[in-house]
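A.B. asks: Sequence below, structure please.
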Amino acid sequence: MGNNAQSSVGIVLVSHSQKVTEGLKDLILEMNGDNVNVHSAGGTDDGRLGTSATIIMSKIEELQDCENILIFYDMGSALLSTETAIDLLDEDLQAKCKIVEGPIVEGAFVASVQSTVTNDVDVILEEVSKL
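C.D. replies: Have a look, this model is predicted:
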């Protein structure tokens, strides 16, 4: 599945560093095979450190066929950029988005593993909350 939106759960990784989100995406796919729908939204539009609401919005839109989209972020302005990106989406897509509080690496990894077992987003988020 990798980057297809066939799964019920999609994951977006938001960090100030594209290297962080790309590395985490690689880790998740390596450990779960291609059964996880995960997208990297790190860095800015011009490749610098920072976050970009337009990149985040684009990655969410790529997951529009998913029932739920879990968004993990690293810190501060990444949350603000994520909230801005969600605000720019249509209401139906906004309703699918869930910003997840918790550690980006461990949280996204646990969510990805759980998404291969269940499509129940409440069960997935419960496991993440145990971190």
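A.B. asks: for the protein, which spans come out with low pLDDT?
C.D. replies: 1-7 (pLDDT under 70).
A.B. asks: can you rerun that using 90?
C.D. replies: For the chain, the stretches with pLDDT under 90 are 1-7, 32-35, 47, 76, 102.
A.B. asks: What segments of it are helices?
C.D. replies: 18-32, 53-62, 76-87, 91-96, 104-115, 121-129 (DSSP state H).
A.B. asks: Kindly tell me how buried Lys19 is, as a neighbour count.
C.D. replies: 12 (other CB atoms under 10 Å). Any C-beta I mention is one placed from the backbone N, CA and C, and that applies to glycine too.
A.B. asks: Over to Asp92?
C.D. replies: 8.
A.B. asks: same question, Glu61
C.D. replies: For Glu61, using other CB under 10 Å, the count is 15.
A.B. asks: what's it in contact with, if anything?
C.D. replies: 89, 93 (CB atoms under 8 Å, 6 or more residues apart in numbering).
A.B. asks: how far out from the middle of the chain is stretch 82-89?
C.D. replies: 13 Å (CA atoms, centre = their mean, to the nearest Å).
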